[in-house]
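K.L.:
sequence plus predicted model, see below.
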Amino acid sequence: MWGRIYALIVKEMWAILRDPRARVILVVPPLVQLFVLGFATTLEVKNIDVGVYNRDSGAWSTEFVQRLAGSPNIRGLVWIRSPEELRSAIDNQRVIVAVSIDQRFSADIEAGRPATIQAVFDGRRSNAAQIVSGYIERIVGEMGASLAPASASPRSLSVLTNWFNPNLDYLWFTMPALIVIISTVSGLGITALSVARERELGTFDQLMVSPLRVHEILIGKMVPPFLVGLFNASLYLILIPFAFGVPLTGSVPLFYLALTFYLLALVGVGMLVSSLAQTQQQAFLGVFLVTVPATLLSGYASPVDNMPGWLQILAQANPPKHFLIVSEGVFLKAMPALDVLSNTWPLVIIASVTLTASAVLFRARME
Amino acid sequence: MEVGNMDGPVATAHEVTKRFAKDGPPALDAVSIDIVAGRMTGLVGPDGAGKTTLIRLLAGLLDPDGGTVDVQNLPAVDADHAAIGYMPQRFGLYEDLSVIENLSLYANLRGLPASERDARFRELLAFTDLERFRTRLAGKLSGGMKQKLGLACAMVKAPKLLLLDEPGVGVDPVSRRELWAMVRNLAGEGIGVLWSTAYLDEAEKCDTVFLLNEGKLLYAGEPARLTGRIEGRVYRVFAGADGRRKLLERALNDKDVTDGTIQGASLRLVMKPDVGAPRPAAIGAPADCRIEATAPRFEDAFVDILGGGPPGTSALAQAYRSIPQTQEPAIVAERLTKQFGAFTAASNISFSVPRGQIFGLLGPNGAGKSTTFKMLCGLLTPTSGGGQVAGHDLRKARAEARQSLGYMAQKFSLYGDLSVQQNLNFFSGVYGLTGTRQREAIGRVVEIFHLKDYLSVNSGTMPLGFKQRLALACAVMHQPPVLFLDEPTSGVDPIVRREFWTHINGLVEHGVTVLVTTHFMDEAEYCDRIALIYRGEEIAIGTPDDLKTQAAAKAGLDDPTLEDAFITLIEESDKQREAA
Amino acid sequence: MSAFNRQRFTALLVKETLQIVRDPSTFLIAFVLPMILLFLFGYGVSLDTARVKIGLALQDTSAQARSLATAYERSGWFEVTGSRDVASLKADLVAGNIRGIIVIPPDFGRRLDSRGDPASIQVITDGSMPNTAGFVAAYAEGIRASWAAGLADERGVQPLPPISLAQRFWFNPELTSRYFLVPGSIAIVMTMIGTLLTALVVAREWERGTMEALLATPIGMAEFLATKVIPYFILGLCSMTICTLIAIFVFGVPFLGSALALLAIASAFLVPALGQGLLISAVTKNQFVASQVALLSAFLPAMLLSGFLFEITSMPRIIQLITYVVPARYVIPPLQTVFAVGDLWGLFLRNIAVLLGFGAFFFLLAIRATRRRIA
């Protein structure tokens, strides 16, 4: 039995690696994806332009504008001279926010009266607007605090500590997440297409006529995408700490344990798709239909916590959702064994369900 | 536009050369042909000879590298495409459009005036007998019907030139014969027809043939003239069915014999020029055997012009183990039935094949022979009934049954993007060969099939003949007692076909049992027994000669060919069905 | 030979339409996939932070400390798990059960009124999710500040600071992320139909050998390309219409612009999308390769580099430069505008002009790459 499976595995490996272009395809696009996605898919908001409609000629408005210009997230200021200009600047997305300072601003502050700054945000980009509003609020708050009398009781304050990622560097979140996302895309693709290709070329009958049993074919087909996934993930595991400076704080063996079951679950889903597909085109569309929701519901594009409750339940069946927690945990949180395991057993269940289902479907296909 | 002169050729190629790789060998090398209106022009040659390239040049789909290709006195690429009917190898049909939708698409593309449409469609649908299937999707038609529809589309607006690229491949003899009659009819109306084919019996019926080999024109002219070259050199040897394979081996090894095949219980031998009739002693036949001269066929002449057939001894068979004698039949089918929903694809098929025999499954496309074949090799589970392969029950001991058979699929399904070596490693491995035994088995087939130079080449890029050899090699490395061959020589040229059958005959002599499906009637002649399957039922079973006798009795034919028998038996079955 | 002929043109158009209607994968890409995408962006991908789970370690028994704790519990922003023990909350934070910890230390109440250091609470966030961490930090501080202001008010002390910020969010006052995600996903859907589907269908003609049969008839390349483009153009608009109706009536996304403007924007975007699809298929002639190329060159850029999900200005310079050649970049702003703002023809026309420019470029290349010869 092992001789037969070995022969099949060797054949499958060659099928992936024989073509020099294919070898390049296995390594280069995942690396490019890592870099492009790593830098592009940030939910941070940086380099913004802010519109300033300053009708006050006093010193305090100048002070505020200087503080704005000094903010690291603000790239430039756009001078606005009329309400119409303000509207047009927002409408045409020249600026995401316009602050307007009225004539009495400096006078009010001098007089100790409450002064007001108005800020108008472009709500079309609601997420960015929300984050920018935080920036503006902080600048206003800091300026206000600097004006406040030295002592006033009662006094309280909050001291902020960001664990696991002190500077809230977005890259620290993206990189461990990308290990999950990129291996999902390539793992599902390789698995689902390998069987469909044999069906289309007519070699699948050849396999079914050989003494290989259904479970042996499944094992043989599973190993290569598994190894490719392992290879890609290992590459990232090395690259991410060294090239991107993301700390790897947790246990590498635990990471590999969870990775193993994650890849099995992925391969299981891929097998399920391919046992349903007749042609490569169907397999491709099937993979697409699975990959898009799997990625979007993984917690990578937006936190799972934000989803409606019923969708969160549905997301339990999504392998990347579980492995994303492990990957972030092992990289940033030095996640202990118990937590890793509690996110691994759902993967074990998904893997066994999908693999069993695809074995059953393969047998049924022979009828 | 100037209309082509009726007396001159409709289309000509003059010294045309075409290369696909800059410094590779030319696909066509200075080939000249004429296609004359009102005549059937045949284009024959082995796979890779350049037939498709020539047809594409005539259809104006390629630019020639040298020479000229003219259709109606204009370069083919600028010619009036409405006057050229072209049916590509895969018929060019839209599978998700119905019969009538395909037809009206091509009618409009070829500019058939609306006023003529209804009459023309009626005529074509009656002609192709597709009227009943007007609204059926083209993808749901059988191979024969697709082919007829493809033809109807190609000639929906009466063309001046009709180009047909291997219209007969993978199609059963009944459909092929019907198609031939249809096209012949058209040629009679003044159309120039070019019919490319690998079936040499079709070429024989053409008015003119052009024989291509490796891009070069080997022969141009009437088929009878080529056949005439070997007049008086073809003989049949009747020495009884037993031992005919051994006899063929010895005969082919005789230096005076250039080519030989099995024809039912007899041998058909082509002798070298000027050596006269074969002598029984020289070929080891009993002295009292009957030897008579017979009329040469085009295939005999074709093999002769290509330099004769291969020698008779199979190195593969010599190295093969001897399959132990048993009284048990090697393959048994017992009332095999397969239903797909309400449709019965195969019903109550029963036969048994003793060890060391060749059994053929014949029948039109979609008649159920593939279903039967697939049930026996374990690709389909029978709805009812059962079977055995090499003593293993198909239902209970599937894996054991599979271990004891070698399987060669239609179109030689190998892994085209893996090298020959990797294919061999894989197939020997899955059949359980490891270590030294594996290396020896691979070494053996590499030597026998001359695969050494190809070991590191992707198997998909090899010439078809080598693919076929590799497919056979992969099927026999584990020396199975039973071989399943599904259209094993589809598309390969007669020389490779002969070499293949030499191996099979040799293996059978070692006790191997063979189950084969085929559309080549000359291949069916090699079988010990044949089951003819039609509409899911076994309508006849017996030796090739039995079937010919049955057909002769039913239709009153004199010395029918196996193809005649095939067609007669099927027509008879239809008549009975209608009567019932 | 290849002059325009109405009979051939109509016949090809009818053929293509029949194929679209009958092919299940067309249906899948044009109608099922858009539903799934809309659904995911409508419900699944929410960038609006809901109630975040945090842990609260209340180590002080003073009335003020308890009152601050109550302020957190009642805020509506947090779902608070109380515990005396910081260690167990830390474990919860590592496991991802909570996203932040607020520690009110034992001396909080005492320090509040002392002259020494101010009373401080500790806010710990889960930095592995930077956005949520930012949210926790901002709201934890906000709640403390308003609690402190309330306390000061009670005691008659003037609240500070003296500058207030009045914020207004135009077009989307509630900042519902669905309002900008759903219009954006319409652009993704049109990319799928225009580029992926078109690339697949032309490649299919080559693969199945029907292209060879077509080329042997008198059709002209212009007829062929036009009859490929027109049905998919219409299909793209149909799919866009359905998506828009679902966006408005199912997801309640406001639509303030005119149907005409939406039609103009969608049409302009389909031009480069279709051109790119034709170009891909003309070059690859193979469904598998075409699908991969379409995915990499059209779908992923539209998803990631168009400003739909991720802010372009936040990307590194080099990637920002790449986004300029992503046609989807020019359709996201007008689409979001026509939904949320209304008709701003200046903005629309500027982007439409760029899109048509891309379209012309792709079509020119596609026509050059589509030859009448088969090899």
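P.N.:
Sure, I can see it. Numbers count the residues shown, from 1 in each chain, chains lettered A, B, ... in the order given.

K.L.:
residue contacts, residue 217?
P.N.:
Unless you meant another one, I'm taking chain A. A:Leu8, A:Leu207, A:Met208, A:Phe362 (CB atoms under 8 Å, 6 or more residues apart in numbering or on different chains). (Each C-beta comes from the backbone N, C-alpha and C, glycine too.)

K.L.:
not quite, go with chain B.
P.N.:
The contact partners of B:Leu217, taken as CB under 8 Å, 6+ apart, are B:Val31, B:Ser32, B:Ile33, B:Phe210, B:Leu211.

K.L.:
determine which two of these are furthest apart.
P.N.:
Greatest spacing in those, by CB to CB: B:Ser32 and B:Leu211 (13.1 Å).

K.L.:
the helix or strand bottoming out on mean pLDDT in chain A - contacts with which helices or strands?
P.N.:
Within chain A, confidence by mean pLDDT, DSSP states H and E is lowest for helix A:20-40 among all helices and strands, at a mean of 80. If you count contacts as 3 or more CB pairs under 8 Å, 6 or more residues apart in numbering or on different chains; DSSP states H and E, helix A:20-40 packs onto helix A:2-17, helix A:170-201, helix A:214-244, helix C:300-304, helix C:317-323.

K.L.:
can you name the residue of chain C nearest to chain B?
P.N.:
C:Ala213 (2.5 Å; CB to the nearest CB).

K.L.:
list the ones among the contacts of B:Leu217 that fall in strands.
P.N.:
Counting by DSSP state E, those place B:Val31, B:Ser32, B:Ile33, B:Phe210, B:Leu211 in strands.

K.L.:
now the last one: how far from B:Gly309?
P.N.:
Put plainly, it is B:Leu211. 17 Å (CB to CB, to the nearest Å).

K.L.:
hang on, the earlier thing: B:Ser32 and B:Leu211: which is more packed in?
P.N.:
For B:Ser32 versus B:Leu211, neighbours defined as other CB atoms under 10 Å in any protein chain shown are more numerous around B:Leu211 (25 against 14).

K.L.:
surely the more buried one touches B:Leu226?
P.N.:
Yes: using CB atoms under 8 Å, B:Leu211 is in contact with B:Leu226, at 7.5 Å.

K.L.:
quick check: neighbours shared by the two?
P.N.:
B:Tyr219, B:Phe302, B:Ile305.

K.L.:
of those residues, select the buried ones using a ChimeraX command.
P.N.:
Buried subset of those, written as a ChimeraX selection, criterion 16 or more other CB atoms under 10 Å in any protein chain shown:
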select /B:219,302
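
K.L.:
whether the helix or strand bottoming out on mean pLDDT in chain C contacts chain A - can you check?
P.N.:
Lowest mean confidence among the helices and strands of chain C (mean pLDDT, DSSP H and E): helix C:24-27, at a mean of 80. Yes: among the residues of helix C:24-27, C:Ser25 lie within reach of chain A under CB under 8 Å from any CB of the partner chain.

K.L.:
before we move on, what about stretch B:441-456?
P.N.:
No: using CB under 8 Å from any CB, stretch B:441-456 never reaches chain A; the gap is at least 10.6 Å.

K.L.:
any idea what sits nearest whichever residue of chain B sits closest to chain A, other than its immediate chain neighbours?
P.N.:
When scored by CB to the nearest CB, chain B has B:Gly429 as its residue closest to chain A, at 2.2 Å. Once flanking residues are discounted, B:Gly429 sits nearest to A:Ala7: 2.2 Å by CB to CB, 6 or more residues apart in numbering or on different chains.

K.L.:
cool, and C:Ile54?
P.N.:
C:Gly100 (4.2 Å).

K.L.:
neighbours of that neighbour, how many?
P.N.:
By other CB under 10 Å, 25 other residues sit near C:Gly100.

K.L.:
would you mind listing what in the stretch 151-300 of chain A touches chain B?
P.N.:
A:Leu201, A:Gly202, A:Thr203, A:Asp205, A:Gln206, A:Leu207, A:Met208, A:Val209, A:Ser210, A:Pro211, A:Leu212, A:Arg213.

K.L.:
avg pLDDT for the lengthiest helix in chain C?
P.N.:
In chain C, ranked by residue count with DSSP state H as the criterion, the top helix is helix C:221-249. The average pLDDT for helix C:221-249 rounds to 91.

K.L.:
so, low pLDDT: which residues of the chain?
P.N.:
All of this refers to chain A. Flagging of chain A using pLDDT under 70 yields the residue ranges A:148-154, A:365-367.

K.L.:
nope, chain C please
P.N.:
For chain C (pLDDT under 70), the answer is C:1-3, C:47-50, C:156-162, C:372-375.

K.L.:
strands of that one, start to end?
P.N.:
C:52-58, C:78-83, C:100-104, C:119-126, C:163-170.

K.L.:
would you format those strands as TSV with distance to C:Ile352 included?
P.N.:
TSV is the format used below for the strands of chain C (distance: least, CB to CB, whole Å):
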stretch	distance to C:Ile352
strand C:52-58	42
strand C:78-83	46
strand C:100-104	46
strand C:119-126	44
strand C:163-170	23
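
K.L.:
that older thread, please report how far the residue nearest to B:Gly429 lies from A:Leu227.
P.N.:
16 Å.

K.L.:
more neighbours: the two, which one.
P.N.:
A:Ala7 (24 against 15).

K.L.:
enumerate the residues of the stretch 201-350 of chain C near chain B.
P.N.:
Residues of the stretch 201-350 of chain C lying near chain B (CB under 8 Å from any CB): C:Arg208, C:Gly209, C:Thr210, C:Glu212, C:Ala213, C:Leu214, C:Leu215, C:Ala216, C:Thr217, C:Pro218, C:Ile219.

K.L.:
let me know the closest of those residues to chain A.
P.N.:
Of those, the one sitting nearest to chain A (CB to the nearest CB) turns out to be C:Arg208, at 11.4 Å.

K.L.:
ok, and what's touching stretch B:46-54?
P.N.:
If you take CB under 8 Å, 6+ apart as the criterion, stretch B:46-54 is touched by B:13, B:16, B:18, B:27-28, B:31, B:33, B:43-45, B:62, B:89, B:165-166, B:196, B:198, B:212-215, B:463-465, B:491-496.

K.L.:
any of these buried? List them.
P.N.:
By 16+ other CB under 10 Å, the contacts of stretch B:46-54 give B:13, B:16, B:18, B:27-28, B:31, B:33, B:43-45, B:62, B:89, B:165-166, B:196, B:198, B:212-215, B:464-465, B:491-496 as buried.

K.L.:
nothing else from me, thank you.
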